[in-house]
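In: here's a sequence, model it:
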Amino acid sequence: MQWSDLPLWAYAASAGAVVLALLAVWLLVRRRRPVSVPLVLQPNLNDAPTVDRAVARILEQMAAWVPGQAYHAYWLSADGTILQLRASITDTANPAVVPDYSGLITEDTPLVPLGLPCSEKREQPEIVGGRAERWLEVPVGRHLAVRILLKHRQSIPAPLLQRLKEAGDMYAPLTLAIYEWFKARDNSERTRSLMDSTRVALDTTLRMDRALELLLRVGGNLIESRVNCAVVASAGNPLSLSDTPQGRGLGERILQGQVPALLSLPTGPDVVPGGNLGPMGISYNACVRVPLFLEGEPLGCFFYFVQQAIRLNSYQTAVLKALGDRGAHLVMSQRQVQSASASYMETLHVLVNAMDGLSPHSLGHSDRLARYARLVAIELGLDDREVEAVAMAAYFHDVGMVAVDPRVVLKPDRLTADEYEQVKSHAELGAQMVGPLQDPLPLAALVASHHERWDGHGYPQGLKGEDIPVGARIISAVDLFDAKTTGRSYRSPLPFARALHDVSRAGGSHLDPRVAEAFVAAMERPRRQAGSGLPLAPCWEIKQLPAHVCAGCPNRLEQVARCWDNRDHLCTRHGDQCETCIVYTETVSRGVSSAPNVSSH
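Out: Prediction:
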């Protein structure tokens, strides 16, 4: 048969097949051509006040070149020892870093290393990883490395790899300039932060007014007051204090007797009717007064002006009274000559108590960590000196948070990259603050490293395995357990058994497996010996709550064994429900045949 004998439809089909074949070849060639979007790295330094924002712009440019699932930028640290994660983009509309510092991430969540050894930095673009996760690492000069999480089975054409290398080399001088510019700025900000945090501690030691302002602020957060002020008899000389100009003005008016209704001090925290302070421009619904008495001597008073009607419950009254007592002791201590080290230690205790008191859910946190850490250190066979060092470092582990913006510390949502950097700074700041106490105890190293991870994905240095001090590994384990068994405003705590299982499962990744095993053993031993439907200890001891919090609770007054059997407990006022409380869930998890009914609580 000849071509001329074929029907017309066969001619059309043949021509269509040829066209389709040519189109397929054209599409294949086009698909493998490198994209033509130019990699232009021109971050405006005036518009990018942090390293993170400058690098985020570089990441956006990389995203225009290589379609991927996530983009992470690692910047050379100021001392040149490590590549630190400084910006991440998983959603170009909302670039942010998920906060994993609290230890609440699940162990099966894919982790992005927060630090990479400089030895792992590539000389040219290269695909790394295995079948489950594949990354394209692109060096941009000597100071920046970009890691791109590739899609499943995604390939990168050789011409694109070559263009990425050329772009990285081309922009090396620019990244060097940015690096040096931001290095100087970061060093300046770091020095200022360290000076500020140290000054907070030293000033509260040497200057009574700073310590009193801190106590005043904690009480104001508790009752949500609008304006706070204090009037104290400092070495016989009346003094007004506040952390705001408006509050200081009110204190001066009270001192001058222009608000006489507030000068007759009560014997304990009370509420007086509100009014209008005229020239100050303040109308208030009520004023909460907290007197400062010591051994019957009136030393001053805290005043909290609130706009809403308020009745102090027993929990608020107990906390405010404790703040007043602490303030009275501070006023009295100013009149006495004390050793500098003892005074500094007391100041750090005040700061830790203040941080724990910022939220009802964090009450007793530092004391619990110290108790847990001591048990684990003993379980591991550390000597007495090391046990005390670990327990003390666990107590002071978060003292550096005092230098972090409270709005960031208490933020219930995901943190931005800049906010995450602020939070991460608390480990090094805390180490600086406990530095004067470390002789002969190595507290600073333990506080600085308590957020390092066994697998090297921690911060601030990305230490790994045995390079992390054993005391810091202990604090990391107990901090993880307490975070899981303590509620927050946006989540309920995990049951005791589930949290203990999570700690065990974290051995080898988040935690030192030997420490995780020792923690589980230290927690299980007294439980095996108990074997009954009663808690291991009274609730206030298990939770290490300050005495004043439970002072008026019927459970403590009546020595009730099973606190959940008493309908009048005060736990709900500081964030606890029986069904999820560690005291209850620990008891039930021991296999009590008939779990108590707590539905009415």
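In: immediately after the host helix or strand of Gln61, which helix or strand?
Out: Per DSSP states H and E: Gln61 is located in helix 51-65. As assigned by DSSP H and E, the chain's next helix or strand after helix 51-65 is strand 70-76.
In: are we agreed that Ala145 is in a strand?
Out: Yes. Assessed with DSSP: H, G, I helix; E, B strand; the rest coil, Ala145 lies in a strand.
In: wait, it sits on Lys121?
Out: Yes. In this structure, Ala145 is within contact of Lys121 by CB atoms under 8 Å, at 5.3 Å. Every residue, glycine included, has its C-beta placed from N, CA and C.
In: between the two, tell me which one has more neighbours.
Out: Higher neighbour count among Ala145 and Lys121: Ala145, with 22 against 16, using other CB atoms under 10 Å.
In: next, the contact list for the closest residue to that one other than its chain neighbours, please.
Out: Take Ala145 and drop its neighbours on the chain: the residue closest to it by CB to CB, 6 or more residues apart in numbering is Tyr74, 4.6 Å away. For Tyr74, the contacting residues are Leu83, Gln84, Leu85, Arg86, Gly115, Leu116, Lys121, Leu144, Ala145, Val146, Arg147, by CB atoms under 8 Å, 6 or more residues apart in numbering.
In: try 7 Å this time
Out: Tyr74 is in contact with Leu83, Gln84, Leu85, Leu116, Ala145, Arg147, counting by CB atoms under 7 Å, 6 or more residues apart in numbering.
In: equivalent analysis for Ile475, please.
Out: By CB under 7 Å, 6+ apart, Ile475 lies in contact with Leu369, Ala373, Ala393, Ala394, His397, Leu446, His450.
In: any regions of the stretch 151-300 of the chain where pLDDT drops low?
Out: Within the stretch 151-300 of the chain, the stretches with pLDDT under 70 are 174, 177-178, 181-208, 234-237, 261, 275-282.
In: just the helices in it please.
Out: Here the stretch 151-300 of the chain has its helices, by DSSP state H, counting those that start in this stretch, at 158-170, 172-206, 208-223, 245-255.
In: about what we covered before: now do the helix holding Gln61, average pLDDT.
Out: Helix 51-65 comes out with an average pLDDT of 71.
In: quick check: which helices or strands does the longest strand along the chain pack against?
Out: In the chain, with assignment by DSSP state E, the single longest strand is strand 283-294. Other elements packing on strand 283-294 under the criterion 3 or more CB pairs under 7 Å, 6 or more residues apart in numbering; DSSP states H and E are strand 270-276, strand 297-306, helix 314-334.
In: can you pull out the strands in this protein?
Out: Going by DSSP E, the chain shows strands at 70-76, 82-89, 115-117, 126-129, 134-140, 144-149, 227-234, 237-241, 270-276, 283-294, 297-306.
In: and Asp455, which of those strands is closest to it?
Out: Distance to Asp455, taken as CB to CB, is lowest for strand 115-117 among the strands of the chain, at 11.3 Å.
In: helices or strands next to the closest one in the packing?
Out: Secondary-structure packing of strand 115-117 (3+ CB pairs under 7 Å, 6+ apart): strand 82-89.
In: between strand 70-76 and the strand it packs on, find me the angle.
Out: Interaxial angle, strand 82-89 versus strand 70-76 (axes from the mean of the first three to the mean of the last three CA atoms, to 10 degrees): 150 degrees.
In: of all the strands of the chain, which one is nearest Ala403?
Out: Going by CB to CB, the one of the strands of the chain nearest Ala403 is strand 82-89, 19.8 Å.
In: chain center to the closest one: distance?
Out: Remark: strand 82-89 is offset 18 Å from the chain centroid, using CA atoms, centre = their mean, to the nearest Å.
In: got the angle between that strand and strand 144-149?
Out: Going by the same axes, to 10 degrees, strand 82-89 makes 50 degrees with strand 144-149.
In: buried sites along strand 82-89?
Out: By 16 or more other CB atoms under 10 Å, the buried positions in strand 82-89 come out as Ile82, Leu83, Gln84, Leu85, Arg86, Ala87, Ser88, Ile89.
In: make TSV from the helices and strands packed on strand 283-294 and add mean neighbour count and distance to Glu224 to it.
Out: Shown next, in TSV, are the helices and strands packed on strand 283-294 (neighbours: other CB atoms under 10 Å; distance: least, CB to CB, whole Å):
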stretch	mean neighbour count	distance to Glu224
strand 270-276	14	14
strand 297-306	22	7
helix 314-334	21	11
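In: hey, least reliable of the ones you listed by pLDDT?
Out: Among the helices and strands packed on strand 283-294, strand 270-276 scores lowest, at a mean of 79.
In: send the alpha carbons of it over as CSV?
Out: Only the C-alpha atoms of strand 270-276 are listed here, as CSV (Å, rounded to 0.1, in the frame of the first residue of the first chain):
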residue,chain,number,x,y,z
ASP,A,270,-8.0,45.5,101.1
VAL,A,271,-10.1,47.4,98.6
VAL,A,272,-11.2,51.1,99.0
PRO,A,273,-13.8,52.8,96.8
GLY,A,274,-12.7,54.7,93.8
GLY,A,275,-12.9,58.3,92.8
ASN,A,276,-11.4,61.0,90.6
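In: give me the number of residues near the closest residue in space to Gly364 that isn't next to it in sequence?
Out: Among residues not flanking Gly364 along the chain, Gln544 sits closest, at 4.1 Å (CB to CB, 6+ apart). Gln544 has 18 neighbouring residues, counting by other CB under 10 Å.
In: so who does Gln544 touch?
Out: Per CB under 7 Å, 6+ apart, neighbours of Gln544: Gly364, Asp367, Arg368, Arg371.
In: narrow those residues to those in helices?
Out: Those of the contacts of Gln544 mapping onto helices are Asp367, Arg368, Arg371, per DSSP state H.
In: just the closest of the residues you listed to Gly430, please.
Out: Distances from Gly430 to the ones in helices among the contacts of Gln544, taken by CB to CB, are shortest for Asp367, at 16.6 Å.
In: any idea how far Glu541 is from that closest one?
Out: Applying CB to CB, to the nearest Å, the value for Asp367 to Glu541 is 10 Å.
In: higher neighbour count, these two?
Out: Neighbours were counted for Asp367 and for Glu541 using other CB under 10 Å; Asp367 has more, 18 against 14.
In: for the more buried one, give me its contacts.
Out: Tyr395, Gln544.
In: from now on call the first residue 51
Out: Done: numbering now begins at 51, and the last item shifts to Asp417.
In: can you tell me how far it sits from Trp590?
Out: For Asp417 relative to Trp590 (CB to CB), the value is 11 Å.
In: Thr397 too?
Out: If you go by CB to CB, the gap between Thr397 and Trp590 works out to 26 Å.
In: ok, Pro462 next?
Out: 27 Å.
In: who's more crowded, these two?
Out: Using other CB under 10 Å as the criterion, Pro462 and Trp590 rank with Trp590 on top: 20 against 8.
In: pretty sure the more buried one contacts Gly602?
Out: No. Using CB atoms under 7 Å, Trp590 makes no contact with Gly602, being 11.9 Å away.
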